[in-house]
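Participant: Next come a sequence and a model predicted from it.
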Amino acid sequence: MENSRLQEFGRTSRNGGFIVGAMYGIALGGVLGLLFAPKRGSELRRQVADSADRVRRQANDLYGTASDTVNEVVQRGRRAFQAGTDAFKREASRTTAGRSGTMARTPTTRTDQGSDTAYL
């Protein structure tokens, strides 16, 4: 289930890149259209300023959306990491609780103390 969410995020990210490119293209086309249109200077400047303001608002909205998406993914990653850590600790304590309380001895050929058996 988590894998499908990651795949969905990947598709959304690629679509987001297309949307950003389309927004820039629309803004550039609008500005160029205004510059080549036969209008008075004051009217043209007002329209360019309005277009720039509109693009700025759209960019801010897109940034907010992207920021929210990144924060959500980071939070999911933190929760998954914490769940994995908790599961590991539970399993480790369950495994050690099942032992008789003595440490297992594993023979080795050499240790720092010079004996032929090491105790783990």
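Facilitator: All right, it came through fine.
Participant: Just the strands from this structure, written as ranges.
Facilitator: 105-107, 117-119 (DSSP state E).
Participant: Leu35 contacts Gln47, doesn't it?
Facilitator: No - Leu35 lies out of contact with Gln47 (Cβ atoms under 8 Å); the separation is 9.7 Å. C-beta here means a position set from N, CA and C on the backbone, and glycine is covered the same way.
Participant: who does the lengthiest helix in the chain touch, helix- and strand-wise?
Facilitator: With secondary structure taken from DSSP state H, the chain has its longest helix at helix 41-97. Applying 3 or more Cβ pairs under 8 Å, 6 or more residues apart in numbering; DSSP states H and E, one finds that helix 41-97 contacts helix 2-36.
Participant: before we move on, the earlier item: so for the longest helix of the chain, mean pLDDT?
Facilitator: Helix 41-97 shows a mean pLDDT of 89.
Participant: Leu35 and Gln47: who's more crowded?
Facilitator: Taking neighbours as other Cβ atoms under 10 Å, Leu35 and Gln47 compare with Gln47 leading, 17 against 11.
Participant: So that one versus Arg40, what's the distance?
Facilitator: Distance of Gln47 to Arg40, given as Cβ to Cβ, to the nearest Å: 11 Å.
Participant: between the two, what contacts are shared?
Facilitator: Among the neighbours of Gln47, none is also in contact with Arg40 (Cβ atoms under 8 Å, 6 or more residues apart in numbering).
Participant: check contacts around Arg54.
Facilitator: The contact partners of Arg54, by Cβ under 8 Å, 6+ apart, come to Ala27.
Participant: Distance of it relative to Gly41?
Facilitator: 20 Å.
Participant: and if you look at Arg79?
Facilitator: 57 Å.
Participant: who's more crowded, those two?
Facilitator: Each of Arg79 and Gly41 has its neighbours counted (other Cβ under 10 Å); Arg79 has more, 10 against 7.
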